[in-house]
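Participant: Dropping a prediction and its sequence here:
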Amino acid sequence: MKKHFVFFITLIVFLAGSFKSGAEEFDIRQLKWGMSFEVVKKIENLKDDFYKEEDILGAKIEVLFGCDLKGLYGVTYSTPDKFFYGEINRVLRKKYGEPKTDLDYTYIMKSKDLFLRFPEIVMYILEKKNFTPLTMNTEMTINEKKIFRVGLAKRLFWEYGNTDVLLVDTVDGVVVVYQNKAYFSENKKKFADFLVQLKKQIEENSKKKDTEEVEKF
């Protein structure tokens, strides 16, 4: 009984304080998108690092604050505790309703150099929604394969106010990403251009392969 009571209190605190609704003063936590890292650091009591650890819904969570020259654009919650997925999924559905699905375009664009090395595999995964080619590939490192799985995995997707929310359950743990809606949309547009670049790279690779085959005879 005590365990359920503690969980209930934690859930109330989580809903009321950790994630703010778009109708309230803040975009997330006690932060606004575009805040400088210096301001975020002061509010969140950070040192010089962009992350901190917190206990949320019974799990040890690493909270990462994404900032660039335009200021705060995202906050990521991650944990290896797999049970957290079910808990946070219920919380997000209760707060924001039924989710859609989408990709984390920001993550993909930050890893685009890796994806450009294997354009055929990227397109296969996106079109077939199947990660089988990764298990057969001997050129990628284990870490690179993880980036592929995380980057190209469909996530549950919610939106409110100026914020988009993505939730994914990976082999290594659970990740919840809150992003500035404008920043997310900007990377989604970049992703569309990136797909064109990938297809062009596939054509070039095919022509190169054909040339090499002809030169054998």
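Facilitator: Nice, I can see it. Numbering: from 1, shown residues only.

Participant: and the strand or helix carrying Ile108, what's its mean pLDDT?
Facilitator: If you go by DSSP states H and E, Ile108 is part of helix 105-110. Mean pLDDT, computed over helix 105-110, is 95.

Participant: and it, how far from the chain's centre?
Facilitator: Taking the mean of its C-alpha atoms, helix 105-110 sits 8 Å from the chain's own mean (Cα atoms, centre = their mean, to the nearest Å).

Participant: which other residues reach that helix?
Facilitator: Contact partners of helix 105-110, identified using Cβ atoms under 8 Å, 6 or more residues apart in numbering, comprise 73-74, 115, 150-152, 177, 179, 183-184, 187-188, 190-191, 194. From N, CA and C alone the C-beta is placed, and that goes for glycine too.

Participant: Can you list the buried residues in it?
Facilitator: Neighbour counts over helix 105-110 (16 or more other Cβ atoms under 10 Å) mark Tyr105, Thr106, Tyr107, Ile108, Met109 as buried.

Participant: Could you export those residues as CSV, including distance to Met136?
Facilitator: Formatted as CSV, these follow (distance: Cβ to Cβ, whole Å):
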residue, distance to Met136
Tyr105, 27
Thr106, 28
Tyr107, 24
Ile108, 22
Met109, 26
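
Participant: Check the residues you listed against Asn137 and report the nearest one.
Facilitator: Asn137 lies nearest to Ile108 out of these, by Cβ to Cβ, at 18.1 Å.

Participant: could you give the mean pLDDT of whichever helix in the chain runs longest?
Facilitator: Scanning the chain for the longest helix, with DSSP state H as the assignment, gives helix 181-215. Averaged across helix 181-215, the pLDDT comes to 85.

Participant: Can you give me the buried ones in it?
Facilitator: Within helix 181-215, the residues scored as buried using 16+ other Cβ under 10 Å are Lys181, Tyr183, Phe184, Asn187, Lys188, Phe191, Phe194, Leu198, Gln201.

Participant: Please apply the same query to stretch 171-184.
Facilitator: Gly173, Val174, Val175, Val176, Val177, Tyr178, Gln179, Asn180, Lys181, Tyr183, Phe184.

Participant: ok now that stretch, how far from the chain's centre?
Facilitator: Counting by Cα atoms, centre = their mean, stretch 171-184 comes out at 3 Å from the chain centroid.

Participant: Same check on stretch 58-74?
Facilitator: Using Cα atoms, centre = their mean, the offset of stretch 58-74 from its chain centre is 11 Å.

Participant: buried ones in it?
Facilitator: Neighbour counts over stretch 58-74 (16+ other Cβ under 10 Å) mark Ala59, Ile61, Val63, Leu64, Phe65, Gly66, Cys67, Gly71, Leu72, Tyr73, Gly74 as buried.

Participant: I am finished for the moment; much appreciated.
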